[in-house]
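Q: Sequence plus predicted model, see below.
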Amino acid sequence: MAVIAVYSVKGGVGKTTIAVNLAWCSASVSCRKTLLWDLDAASGAGFLLGVDPSPKHAAQSVFARDVEPEKLIRRTAYSKLDLLPADESLRALDALFAQIGKRKRLARTAAGLARRYERIVLDCPPVLNEISAQVLRAADVVVVPLPPSPLSARAFDLVSEEVRAQARGELVVVPVLSMLDQRRALHRALRAEHPDWPAIPLASAVEQCAARRQPLGAFAPVSTAARGFGQLWTAIERRLARG
Ligand SMILES: Nc1ncnc2c1ncn2[C@@H]1O[C@H](COP(=O)(O)OP(=O)(O)OP(=O)(O)O)[C@@H](O)[C@H]1O
Ligand SMILES: [Mg+2]
């Protein structure tokens, strides 16, 4: 089992969109039993998969009361893809982790799911606190979406520092140019600086994921953006295979 976190300290950079589409690639292209675990109280991942939130505010109970994650996991419309949904109870998750005081609480809970899942994709909130620290200690790969801008470069430096502080040496960091618009000079310049980084184009098809509440592969599988997600997923699988 491998844990792939989609994380940045910066908000609105495409984390949830990438997490949902990578989880779909894992389940539908790689045919791996996959869990998308939403750690953001805003519950965007469930929304994008068309799973409506449960009225019970139970997401935190996995950590607070040792409730089995299996009790909260929901099936999705997609074969091999399940969701561990978020809800507003996760707003207090940072404080809860601090109170529990176990550095590897999330990592241990994820490891407990290894019998059922080959891949766990974490959709993370844009924070730099005990939640991100727990995520980085649990992950094998961290995908960091970076819309081409100087602020993103700064966010990437912060994430890299945090990885050094929290993670084991073997955590693989995968920067991704997200919302790349080749019509803009700044975007072209950053693309030229990092030609080997995976890229997801700025595309109305990607925005449509939120309107249709479906991953891109379900309604536009041959679009440029769907190919971008596919290539990113293949790059992640290759890194995992290399160990
Ligand atoms: N490649 C893209 N092309 C066009 N729109 C995109 C692309 N990626 C994301 N978006 C849009 O940008 C917005 C923010 O995306 P998303 O919610 O995935 O970001 P996020 O990093 O998860 O945000 P938050 O920090 O609030 O959780 C959404 O409206 C989404 O549809
Ligand atoms: Mg999000």
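A: Ah, there it is. Numbers count the residues shown, from 1 in each chain. Ligands and ions are numbered 1, 2, ... in the order given.

Q: what about the strands in this protein?
A: Listed in chain order, the strands of the chain (DSSP state E) span residues 2-6, 34-38, 74-75, 81-84, 119-123, 141-146, 172-180, 199-201.

Q: For this protein, what lies in contact range of ligand 2?
A: Listed as neighbours of ligand 2 in the chain under the rule C-beta under 5 Å from the ion: 15-16, 44. Heads up, the C-betas are built off the backbone N, CA and C, glycines and all.

Q: Residue 201 - how many residues pack around it?
A: A count of nearby residues for residue 201, using other C-beta atoms under 10 Å, gives 18.

Q: bridging residues for it?
A: In this entry, residue 201 is beta-bridged to residue 180, by DSSP bridges.

Q: Verify the contact between it and residue 181 for me.
A: Yes - the criterion here is C-beta atoms under 8 Å, and residue 201 meets it with residue 181 at 7.4 Å.

Q: Do you know the pLDDT at the nearest residue to residue 236 once chain neighbours are set aside?
A: Distance criterion C-beta to C-beta, 6 or more residues apart in numbering; nearest residue to residue 236, sequence neighbours excluded, is residue 141 at 5.6 Å. In the predicted model, residue 141 carries a pLDDT score of 98.

Q: Show me the longest helix that occurs in the protein.
A: Within the chain, and with DSSP state H defining each element, the longest helix by residue count is helix 224-242.

Q: contacting residues around that helix?
A: Residues outside helix 224-242 that contact it (C-beta atoms under 8 Å, 6 or more residues apart in numbering): 2, 4, 18, 21-22, 24-26, 29-30, 140-141, 143, 172, 174, 176, 198-201, 203, 205-206, 216-217, 220.

Q: where in the protein is pLDDT low?
A: Per-residue confidence for the chain (pLDDT under 70) gives no ranges below the cut-off.

Q: ok and the residue in it nearest ligand 2?
A: Nearest to ligand 2 in the chain, going by C-beta to the ion, is residue 16, at a distance of 3.2 Å.

Q: hang on, that residue packs against residue 49?
A: No - applying C-beta under 8 Å as the test, residue 16 and residue 49 come out as separate, 10.3 Å apart.

Q: From residue 10, how far out is the residue sitting furthest away from the middle of the chain?
A: Here the chain has its C-alpha centre computed as a mean, and the residue farthest from that point, by C-alpha atoms, centre = their mean, is residue 185 with 28.4 Å. When distance is defined by C-beta to C-beta, to the nearest Å, residue 185 is 22 Å away from residue 10.

Q: Show me which residues of the protein sit near ligand 1.
A: Residues of the chain that fall close to ligand 1, judged by C-beta under 6 Å from any ligand atom: 11-17, 40, 42, 44, 126, 178-179, 200, 202-203, 206-207, 210.

Q: Of these, grab the buried ones for ChimeraX.
A: What follows is the ChimeraX syntax selecting those of these that are buried according to 16 or more other C-beta atoms under 10 Å:
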select :13,14,15,16,17,40,42,44,126,178,179,200,202,203,206
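
Q: what's around residue 1, how many residues?
A: The number of residues packed near residue 1 is 16, by other C-beta under 10 Å.

Q: Many thanks, have a good one.
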